[in-house]
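S.K.: Coordinates for the following, if possible.
(one chain, ligands or ions: 3)
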Amino acid sequence: SQGQVITCKAAVAWEPNKPLVIEDVQVAPPQAGEVRIKILYTALCHTDAYTWGGKDPEGLFPCILGHEAAGIVESVGEGVTEVQPGDHVIPCYQAECRECKFCKSGKTNLCGKVRAATGVGVMMNDRKSRFSINGKPIYHFMGTSTFSQYTVVHDVSVAKIDPQAPLEKVCLLGCGVPTGLGAVWNTAKVEPGSIVAIFGLGTVGLAVAEGAKAAGASRVIGIDVDNKKFDIAKNFGVTEFVNPKDHEKPIQQVLVDITDGGVDYSFECIGNVSVMRAALECCHKGWGTSVIVGVAASGQEISTRPFQLVTGRVWKGTAFGGFKSRSQVPWLVDKYLKKEIKVDEYITHNMTLGEINEAFHLMHEGGCLRCVLSL
Ligand code: NAD
Ligand code: AHE
Ligand code: ZN
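M.R.: Residues are numbered from 1 along each chain as shown. Ligands and ions are numbered 1, 2, ... in the order given. Below you'll find the predicted structure:
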C-alpha cells in the first residue's frame, strides 16, 4: 500500500455534539517529512470530548479526533530517517523537532515546527489535509487524528518505542498519564515532604497523585465532587479526600484550614476556571505553587486578587507535563516495562472503534478512567 491512497474506517465528527459516524475515509500517502501510521489502539481523553463539544477555539469540523494512541508505521515520506515501516510508535500531539527556538531553549517542551498547521487541522507541506471522503477534505486534529485505522502525522510528532511494549496499554502514554506525572516532576518539581492538593481525580489527576507519591509527598489531598473517586484514588497515592459538596465554606478555605496555612503544590485537573482560582488560593503564602493542567472552554478566563501573587503564590501551567515527546515517551514506555509507573490501572474499559459514541458517554460516569478502543 506504500505510495497509494488507503481507504479505511474512521470516526468522523461532522458537527459539534453530533454522534461520531464511522465512515470509509481515504488517507493519502505521506508526503516529505510525514509518516503514515496504522493505529491499533486509541484511548479517549477528556480533551477529545471538549473539542467534540464545541468548546475548543481551535476545533474545526468535520474532523477526525483522537490523540492518545499507539500503532505501527505503515509508510514514510521522503526524507524521513528516524522511523521506518514496521516500527512501533506513539503519535505525539506536542511535537519535538530539536531545531526550533522552543526546542533549543532548554526552557520548554513546546515545539514551534508544525504547531501552526496542527492548530488549523492540516499538514505543514501544502497546508492540506491527508483525509478525505469522496474528495471532500476532513480536518486533522492536534496533529494526530487517532480515531482512524490509518493516520498521517509529521515525523517530528512520532515517538519510536520498544516493540515489546503492549500497544493496547502504552497508548495511554500518548497523553493523560505523562501529563499528570510530568506536571509533578517537570513543572512543579515537587520535593519530598510536600503537601499536595489535586482538583479532579480523572486519569490526569490520578497520574498527578502517582507522581506526587513517587516524589515523596507527605500528604496528597484529592478533591472531587464524585465520592466514588476516593476508593479508586487511594490506589494511586491519594491519602485524603475532600468533596467540596460536603462543605459550606469555599473549598480553598477548607484546604487552608486542614493544612496549617495552605498546600505547597496544587494541580487543577478539571478545566474549570473557578476551581483554578480555588487551586491557587489554597496554596501556602510565600511559596505555594499552583499548576493549571485542565483545559478551559473557549471564552473562559481566570481571575484572582493580584495580592495572592504579591504574597508569593505562583501560578503555572503545563502541556503534556513538560515532557519532550519524542525523547521522553520512549523512556516512559521503558519505565512502564520495568513496572516503575502504572498504566494498566487507568484502563477501566475496552471497546471497539464502532462503539466510540458509547465510549464518549462512559466518560461522564464516575467509574470510567480510560476506555481503550481497538481499531
Ligand atoms: P476526567 O473527566 O476523567 O476527570 C475530571 C475529574 O474532575 C472527574 O473525576 C470529575 O468528577 C472531576 N470534577 C468535575 N468538576 C469538578 C469540580 N467542580 N470540583 C472537583 N472535581 C470536579 O478528565 P481527564 O481526562 O482526567 O482530564 C482532566 C483535564 O485535563 C481536562 O480538562 C483535560 O482536557 C485536561 N488535559 C490537559 C492536558 C495538558 O497537557 N495540559 C493533557 C490531558 C488532559
Ligand atoms: N486548543 C485549545 C487548547 C487545548 C490545549 O491546551 N491542549 C493541551 C493538550 S490537552 C491534551 O489532552 C496542550 O498541550 N496545549 C498546548 C498546545 O500546544 O496546544 C485552545 O484553547 O485553543
Ligand atoms: Zn489528552
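S.K.: got the contact list for the residue of the stretch 1-150 of the chain at minimum distance from ligand 3?
M.R.: Closest residue of the stretch 1-150 of the chain to ligand 3, C-beta to the ion: C45 (3.0 Å). Bear in mind the C-beta positions are built from the backbone N, C-alpha and C, glycine included. Neighbouring residues of C45 by C-beta atoms under 8 Å, 6 or more residues apart in numbering: H67, E68, C175, G176, T203, R370.
S.K.: The third one contacts G66, doesn't it?
M.R.: By that I understand C175. No: with contacts counted by C-beta atoms under 8 Å, C175 stays clear of G66, the gap being 10.1 Å.
S.K.: related to what we said a few turns ago, state the distance from the residue of the stretch 1-150 of the chain closest to ligand 3 to I292.
M.R.: For C45, the distance to I292 equals 16 Å [C-beta to C-beta, to the nearest Å].
S.K.: and what of A207?
M.R.: The gap separating A207 from I292 is 15 Å, by C-beta to C-beta.
S.K.: More neighbours: which of the two?
M.R.: A207 (32 against 23; other C-beta atoms under 10 Å).
S.K.: Tell me the secondary structure of that one, please.
M.R.: Secondary structure, DSSP: H, G, I helix; E, B strand; the rest coil: A207 is helix.
S.K.: Ignoring the adjacent residues along the chain, who's closest to it?
M.R.: What sits nearest to A207 in space, not counting adjacent residues and going by C-beta to C-beta, 6 or more residues apart in numbering, is G180, at 2.4 Å.
S.K.: For that neighbour, list the residues it contacts.
M.R.: Going by C-beta under 8 Å, 6+ apart, G180 touches 203-211, 267, 269, 293, 321.
S.K.: Looking at the residue of the stretch 1-150 of the chain closest to ligand 3 now. What's its pLDDT?
M.R.: If you check C45, the pLDDT there is 98.
S.K.: again with S1
M.R.: What the model reports as pLDDT for S1 is 74.
S.K.: Stretch 118-131: how far from the chain's middle?
M.R.: On the basis of C-alpha atoms, centre = their mean, to the nearest Å, stretch 118-131 sits 21 Å off its chain's mean C-alpha point.
S.K.: so what's Y150 closest to, chain neighbours aside?
M.R.: Using C-beta to C-beta, 6+ apart, the closest residue to Y150 is V27 (4.4 Å).
S.K.: Quick one: residues contacting that neighbour.
M.R.: Residues in contact with V27 (C-beta under 8 Å, 6+ apart) are V5, I6, T7, C8, R36, R130, F131, S148, Y150, T151, V152.
S.K.: Distance-wise, check it relative to ligand 1.
M.R.: 26 Å (C-beta to the nearest ligand atom, to the nearest Å).
S.K.: Also P250?
M.R.: Counting by C-beta to the nearest ligand atom, the gap between P250 and ligand 1 amounts to 12 Å.
S.K.: mean confidence for the helix or strand C371 falls within?
M.R.: Following DSSP states H and E, one finds C371 within strand 370-374. The pLDDT scores in strand 370-374 average 98.
S.K.: same thing with stretch 186-198?
M.R.: 98.
S.K.: Please spell out which residues along it are buried.
M.R.: Buried residues in stretch 186-198, defined by neighbour count with 16 or more other C-beta atoms under 10 Å: N186, T187, A188, V190, S194, I195, V196, A197, I198.
S.K.: quick revisit: so how do I select the buried members of the contacts of V27 in PyMOL?
M.R.: Selecting only the buried entries of the contacts of V27 in PyMOL, with 16+ other C-beta under 10 Å as the criterion:
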select buried, resi 6+8+36+130+131+148+150+151+152
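S.K.: I'd like to know which of the contacts of V27 is nearest to G288.
M.R.: Distance ranking of these against G288, using C-beta to C-beta, places T151 first at 41.2 Å.
S.K.: Phi first, then psi, for that closest one.
M.R.: Here is the backbone geometry of T151 (degrees, to the nearest 10): phi -140, psi 160.
S.K.: and the closest residue to it other than its chain neighbours, which of the three is it?
M.R.: Take T151 and drop its neighbours on the chain: the residue closest to it by C-beta to C-beta, 6+ apart is S145, 4.8 Å away. Secondary structure, three-state DSSP: S145 is coil.
S.K.: How many neighbouring residues does S145 have?
M.R.: Neighbour tally, S145, other C-beta under 10 Å: 34.
S.K.: ok, now the one 10 residues further on?
M.R.: For D155, the number of neighbouring residues by other C-beta under 10 Å comes to 22.
S.K.: where's it relative to R370, distance?
M.R.: Following C-beta to C-beta, the distance that separates D155 from R370 is 27 Å.
S.K.: Tell me the bridge partners for the residue nearest to Y150.
M.R.: When bridges are called by DSSP bridges, V27 pairs up with I6, F131.
S.K.: near ligand 3, which residues of the stretch 151-300 of the chain show up?
M.R.: Residues of the stretch 151-300 of the chain lying near ligand 3 by C-beta under 5 Å from the ion: C175.
S.K.: Quick check: nearest residue in space to the residue in the stretch 251-375 of the chain positioned nearest to ligand 1, chain neighbours excluded?
M.R.: Scanning the stretch 251-375 of the chain for the residue nearest ligand 1 gives G271, at 3.0 Å (criterion: C-beta to the nearest ligand atom). Of all residues not flanking G271 in the chain, G294 sits nearest, at 3.4 Å (C-beta to C-beta, 6+ apart).
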